[in-house]
Structure formats: structure tokens, C-alpha cells
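Colleague: Got a predicted model here, sequence first, then my questions.
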Amino acid sequence: MDRARGRELAAGGHSVSVRAADVERLVAEARAVRANAYAPYSRYRVGAAVMVRDGRIFTGCNVENATYGATLCAERAAIAAMVAAGATAPVACAVVTAGARPGAPCGICRQVFAEFAKDVRFVLVAEDKRGKIAARRSTRLSALLPQAFRLRDVR
């Protein structure tokens with residue numbers, strides 16, 4: 001596959017192409033939804049955008065709770081929006097956080113992605129205080145969670 005068309009990923013057992021333009025759309029959507037984060041306790045706002053096979057994008061932001069355990073991560077909020085819309089095949093996700101270095105999805109979010117796909121491309125972006133991109137890196141679910149628990153694998 002040529003680079004101009006994007007990178008091929010194995011998602012849910014299927015090869016799916018994610019073009020560079022799609023990645024940029026994901027990053028833009030995640031940056032925009034980050035502004036809606038409800039983070040009165042940590043002040044750490046996170047935005048996420050998930051793309052599915054057919055090109056639709058679903059977004060989510062973190063929603064904190066005073067009990068902390070009831071806090072919803074941006075990545076899981078985006079997955080919930082995906083499922084609510086009837087989709088189940090994520091192929092890529094952009095996560096936008098603040099700081100000098102991009103934040104990575106937590107372990108629970110990684111496992112939730114593993115429920116829906118064997119591999120997902122992640123683009124992790126950090127914004128500085130002015131809202132400019134300070135850093136960016138790309139990784140895959142298979143690198144973040146190399147031995148994902150899959151109930152169907154143990155049956």
C-alpha cells in the first residue's frame with residue numbers, strides 16, 4: 001500500500017486503510033471536543049475521536065465525578081457514542097491532552113478497545129497552554145496492550 005493512501009491496519013480481523021487526511025480529521029475532532037470536558041477536579045481535559053471502518057467519527061470527552069471511580073474517560077465516552085450509533089469496528093483513535101507530552105489511554109480504555117478490535121491506530125497529541133500542538137506520536141493498540149484479554153480466546 002502506498003503511503004499517500006495511508007497505513008494498513010488489522011482491525012477486527014480485517015485490513016482497513018486509514019488515510020492521512022482521516023487522521024487529521026480525527027485529531028481536529030478530538031481537539032474540538034476536548035473543550036467540552038468536565039474536569040473540575042483534575043483540570044486535565046481530554047478529547048477523543050474514534051473512526052470506524054465506514055469513515056464515521058464518534059467523539060467523547062472526559063467526565064469527572066466527585067467519587068473519581070465514576071469518572072468516564074474520553075476514549076470510553078467515544079466508544080460508547082460509537083456503540084450507541086450502532087457501530088462496532090473502530091480502526092483509529094485520536095486522543096488530545098494538555099502538556100508537553102501526549103497522554104496515552106489508561107488500561108481500562110485499552111481493554112475496552114480490545115473488545116471491539118484486534119488492533120487500532122492511536123494518534124496521541126499534546127496541546128500547550130495556547131492550544132497549539134506541542135507534541136504528537138502514533139502507536140497501536142497491539143503495542144499498548146500486547147496481551148489483551150479476550151473472553152472468546154479462552155472459551
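Modeller: Ah, there it is.

Colleague: Looking at strand pairing, list the partners for the residue positioned nearest the centre of the chain.
Modeller: Note on the chain: the residue nearest the mean C-alpha position is residue 93, at 3.4 Å, using CA atoms, centre = their mean. For residue 93, the beta-bridge partners are residue 50, residue 122 (DSSP bridges).

Colleague: what residues are up against it?
Modeller: Going by CB atoms under 8 Å, 6 or more residues apart in numbering, residue 93 touches 26, 48-51, 75, 78, 105, 113, 120-123. Using the backbone N, CA and C atoms, a C-beta is placed for each residue, glycine as well.

Colleague: Is it correct that residue 131 falls within a strand?
Modeller: No - using DSSP: H, G, I helix; E, B strand; the rest coil, the assignment for residue 131 is coil, not a strand.

Colleague: excluding its backbone neighbours, what's nearest residue 145?
Modeller: Sequence neighbours aside, residue 110 is the residue nearest to residue 145 in space, at 4.2 Å (criterion: CB to CB, 6 or more residues apart in numbering).

Colleague: try residue 129
Modeller: For residue 129, the spatially nearest residue (CB to CB, 6+ apart) is residue 98, at 7.6 Å.

Colleague: Pull the number of nearby residues for that neighbour.
Modeller: Residues within reach of residue 98, counting by other CB atoms under 10 Å, total 18.

Colleague: so it makes contact with residue 131?
Modeller: No - at 9.4 Å, residue 98 does not count as touching residue 131 under the criterion of CB atoms under 8 Å.

Colleague: Quick check: buried residues in the strand or helix carrying residue 115?
Modeller: Element membership for residue 115 (DSSP states H and E) is helix 107-116. Buried residues in helix 107-116, counted by 16 or more other CB atoms under 10 Å: 109-114, 116.

Colleague: Check stretch 64-80 too.
Modeller: 64, 71, 73-79.

Colleague: and for the longest helix seen in the chain, what are the contacting residues?
Modeller: Secondary structure of the chain per DSSP state H: the longest helix is helix 20-34. Here helix 20-34 makes contact (CB under 8 Å, 6+ apart) with 4, 6, 45-51, 55, 57, 59-61, 74, 92-97, 121, 123, 125, 127, 131, 136.

Colleague: Nice, that's everything, thank you.
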